[in-house]
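A.B. asks: with the input below, show me the fold.
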Amino acid sequence: MSFIAARARAIFMCAFIFTLGPIFAAPAFAAGALAVGQCGAYGQAFDFAAQDAATAAAKKQCKGDCTTVTMNRACAAFAVDMANPCGAHAYAVAPKISSSLNAATKKCYDFGGKECVIRAWACDAKG
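C.D. replies: This is a model prediction of the structure:
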């Protein structure tokens, strides 16, 4: 086989893979959840195939009466007041991790926290 024929074949294969490769690739998992509760309780689940499964997994990890926050190709963060872990707490969901961390911390202070810190965070798929 000549160099030109081998090169043409290689170019064809690359074009074929880039064109049809995503069709045969495994599906991306993008469902996630963060369950948050009093006294720093939390549970997290990310990269699940379905939102219901992610929500159930996060809630199962969280002890007590927990609120579940969903995320889909985003990040979630949970902040608590370390001066009083059973006091002020907050969560936030945003497209980027930095935004969710900042928003959760700010909300914790807004709710009366004195020493708010991030207790848990998770990003899902492209978050």
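A.B. asks: use CA for all of it now, contacts and neighbours both
C.D. replies: Will do.
A.B. asks: contact partners of stretch 84-98?
C.D. replies: Under the contact criterion Cα atoms under 8 Å, 6 or more residues apart in numbering, stretch 84-98 has outside partners 36, 38-40, 69, 71, 73-81, 100-101, 103-105, 107-109, 111-113, 116, 123, 127.
A.B. asks: err, stretch 50-67, not the other one
C.D. replies: Residues outside stretch 50-67 that contact it (Cα under 8 Å, 6+ apart): 29-38, 41-48, 68-70.
A.B. asks: again, only this time at 10 Å
C.D. replies: The contact list for stretch 50-67 (Cα atoms under 10 Å, 6 or more residues apart in numbering) reads 29-48, 68-72.
A.B. asks: which ones among the contacts of stretch 84-98 map onto strands?
C.D. replies: Using DSSP state E, the subset of these located in strands is 36, 69, 71, 75, 76, 77, 78, 79, 80, 81, 116, 123.
A.B. asks: got any ranges where this structure has weak pLDDT?
C.D. replies: By pLDDT under 70, the weakly predicted segments of the chain are 1-29, 126-127.
A.B. asks: try it again with 50
C.D. replies: 10, 14, 16, 19-27 (pLDDT under 50).
A.B. asks: now do the helices in it.
C.D. replies: For the chain, the helices defined by DSSP state H cover 3-24, 51-61, 97-110.
A.B. asks: out of everything not next to it in sequence, what's closest to residue 72?
C.D. replies: residue 31 (5.1 Å; Cα to Cα, 6 or more residues apart in numbering).
A.B. asks: what distance do you get for the closest residue to residue 34 other than its chain neighbours to residue 113?
C.D. replies: Excluding the flanking residues, the one nearest residue 34 by Cα to Cα, 6+ apart is residue 44, at 4.5 Å. Using Cα to Cα, to the nearest Å, we find residue 44 at a distance of 23 Å from residue 113.
A.B. asks: looking only at neighbour counts, state which of these two leads.
C.D. replies: Using other Cα atoms under 10 Å, the more surrounded residue of residue 44 and residue 113 is residue 44, with 27 against 23.
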